[in-house]
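Chemist: Need the 3D shape of this:
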Amino acid sequence: MENQAVGFVSLENSPEKAVLIGISHPPEVLKWQAEEHLEELEELADTAGAKVLFKFIQDRKQIDPVYAIGSGKVQELKPIIEENTIDLVIFDDELTPGQKRNLERELDCKILDRTGLILQIFAVRAKSAQAKHQVELAQLEYLLPRLTRQWTHLSKQKGGIGTKGPGETQIETDRRLIWRRISTLKQKLKEHSRQRETRTSWRDSITKIALVGYTNAGKSTLMNALCPKANAYSEDRLFATLDTTTRRLHLKQNKQAILSDTVGFIRKLPHNLVESFKSTLEEVREADILLHVVDVSHPSFEEHIRIVDETLDEIGAKNKQTILVLNKIDRLEQNDTFLGLAQKFEGSVLISAARGINLSGLMERLSDLIQADFDERFIRVHVSDYKLISYLHEKTEIISKRYDDEDVEIQFRVPKKIANQIDGVLRQHQVS
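Modeler: From the prediction side, this is the model:
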């Protein structure tokens, strides 16, 4: 089964001409919200390589079960599509298999919804084997209920009693192939997860920090600013990166942490994509501290904060220690805005990752937060007990060492999350 699902826009050929359609249906979606969502859909379409020629918002009391936008709007679109040789119509809302089929038949062009578009962008942006498997799994789960009528050229032949039409046979064959591939991909992702646990077991004693935020909030730029050798790919586009980048972060007083840049979130993020990417989002769930990066220059940044919080709750990472990082303050025009933001979002840190503004303040906050998560210990050991001394150097932060004849007195800090483990080693040492 190919990774490229049926009906998805190709990002590798010449740009396809597209029409975007949003639906306003109060009180769920107001007109201004539909307009804003359509602007973001245009950014997604641009990321996918499509050229947007027209944008429409259809006002409806409720979504039409047959065409989503109603038969009248469909008839209005027909001449526009024909005269401008439109290749693709993209809907901001998820379409049912029936709606998609009906629209394709009436408009005679490819129909894509927001979910399908996001999945396609992910498919092209994925670089690692794990990310490719995750995206393919989400694509196949999205495609599965949409297989009906894909083979209409075969289903015209009717089957009699005791037989099946070849169209239905083809659909069932395709379903079996997809289910088989889904099963294989899930096994591969479990193996990726086991390998990751083995590779990252050494991180248990180190504070883990994860960058989270809405897509294009500046997480990768901040990663590169905090860790100069990170070389994390950054671009002023939605979903510039999918694969997790992890680097060491050096803080004051010889403290170190592990900093991970993760995939960005977005409104209406497909649920099956969140499910597929849960192994990548392990970095978020296992983090000790989250840096929630926000593009404060975006007019809807407060909604972005809410969406990220909801997604964190969905993956089980909402109640972690979090620093709200209000990024891109260099794009704000009025200085009094800074004061208003600081008052409204108490405890936040205002920065510009691209310009390097107030990164020292963010590092200071991180150091203080990590410092509060450490306990101090003291031990006196013989200088020949090099194994224990080496163990403490590896697992803890040494504050001081003082030699007294053949003994050495060591004062050290230990992360609270492994304090019981360290205390057990020390007790075992004292008994022996």
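
Chemist: alpha carbons only for contacts and neighbour counts from here, please
Modeler: Fine.

Chemist: May I ask which helix or strand of the protein has the lowest mean pLDDT?
Modeler: For the chain, using mean pLDDT, DSSP states H and E, the weakest element among its helices and strands is helix 152-155, scoring a mean of 43.

Chemist: which element follows that one toward the C-terminus?
Modeler: Downstream of helix 152-155, the first helix or strand assigned by DSSP states H and E is helix 166-199.

Chemist: Leaving out chain neighbours, which residue sits closest to L95?
Modeler: Spatial nearest neighbour of L95, excluding adjacent residues (C-alpha to C-alpha, 6 or more residues apart in numbering): D113 at 6.1 Å.

Chemist: Now do the contacts for that neighbour.
Modeler: If a contact means C-alpha atoms under 8 Å, 6 or more residues apart in numbering, then D113 has I90, F91, D92, D93, E94, L95 as its contacts.

Chemist: and what of V325?
Modeler: V325 makes contact with L291, H292, V293, V294, S348, V349, L350, I351 under the criterion C-alpha under 8 Å, 6+ apart.

Chemist: Given the host helix or strand of it, what are its sheet partners and their directions?
Modeler: For V325, the element it lies in under DSSP H and E is strand 321-327. When pairing is defined by DSSP bridges, strand 321-327 lines up against strand 289-295 (parallel), strand 349-350 (parallel).

Chemist: Give the buried residues for it.
Modeler: By neighbour count with 16 or more other C-alpha atoms under 10 Å, strand 321-327 contains the buried residues T322, I323, L324, V325, L326, N327.

Chemist: Which stretches in the stretch 301-432 of the chain count as strands?
Modeler: With DSSP state E, counting those that start in this stretch as the criterion, the stretch 301-432 of the chain has strands at 321-327, 349-350, 374-382, 397-404, 407-415.

Chemist: Give me the below-cutoff pLDDT ranges for the stretch 51-200 of the chain.
Modeler: When residues are selected by pLDDT under 70, those of the stretch 51-200 of the chain lie in 148-169, 196-200.

Chemist: could you redo the last one with a cut-off of 80?
Modeler: 125-128, 146-173, 193, 195-200 (pLDDT under 80).

Chemist: Nearest residue to the middle of this structure?
Modeler: Nearest to the mean C-alpha position of the chain, by C-alpha atoms, centre = their mean, lies V263 at 3.1 Å.

Chemist: and it, helix, strand or coil?
Modeler: Under the three-state scheme (DSSP: H, G, I helix; E, B strand; the rest coil), the conformation of V263 reads as coil.

Chemist: quick one: contacts for T115?
Modeler: So, once contact is read as C-alpha under 8 Å, 6+ apart, T115 ends up touching D93, E94, K268, L269, P270.

Chemist: will you turn these into TSV that also has distance to F378 and secondary structure?
Modeler: Conversion of those to TSV gives the following (distance: C-alpha to C-alpha, whole Å; DSSP: H, G, I helix; E, B strand; the rest coil):
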residue	distance to F378	secondary structure
D93	60	coil
E94	60	coil
K268	52	coil
L269	49	coil
P270	51	coil
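
Chemist: From the residues you listed, list just the buried residues.
Modeler: Buried residues within those, counting neighbours by 16+ other C-alpha under 10 Å: D93, E94, P270.

Chemist: The first one contacts G22, doesn't it?
Modeler: Yes - between D93 and G22 there is a contact at 7.0 Å, judged by C-alpha atoms under 8 Å.

Chemist: Give me the pLDDT for the residue nearest to V349 when sequence neighbours are not counted.
Modeler: Distances taken as C-alpha to C-alpha, 6+ apart put V325 closest to V349, at 5.0 Å, once the chain neighbours are dropped. The confidence metric pLDDT takes the value 97 at V325.

Chemist: how far away is V325 from L144?
Modeler: In this view, V325 and L144 are 40 Å apart by C-alpha to C-alpha, to the nearest Å.

Chemist: just D407 next, same as before
Modeler: Using C-alpha to C-alpha, one obtains 69 Å as the distance from D407 to L144.

Chemist: Next: G356.
Modeler: With C-alpha to C-alpha as the criterion, G356 and L144 are 47 Å apart.

Chemist: again with K395
Modeler: 48 Å.

Chemist: ditto for Q256
Modeler: When distances are taken as C-alpha to C-alpha, Q256 and L144 turn out to be 46 Å apart.

Chemist: what residues are up against the residue nearest to I81 when sequence neighbours are not counted?
Modeler: Counting by C-alpha to C-alpha, 6+ apart, L107 is the residue found nearest to I81 once chain neighbours are left out, at 7.5 Å. Taking C-alpha under 8 Å, 6+ apart, we find L107 in contact with V74, L77, K78, I81.

Chemist: How is this structure partitioned into domains?
Modeler: 17-125, 147-199, 203-371, 374-431 (automatic domain parsing).
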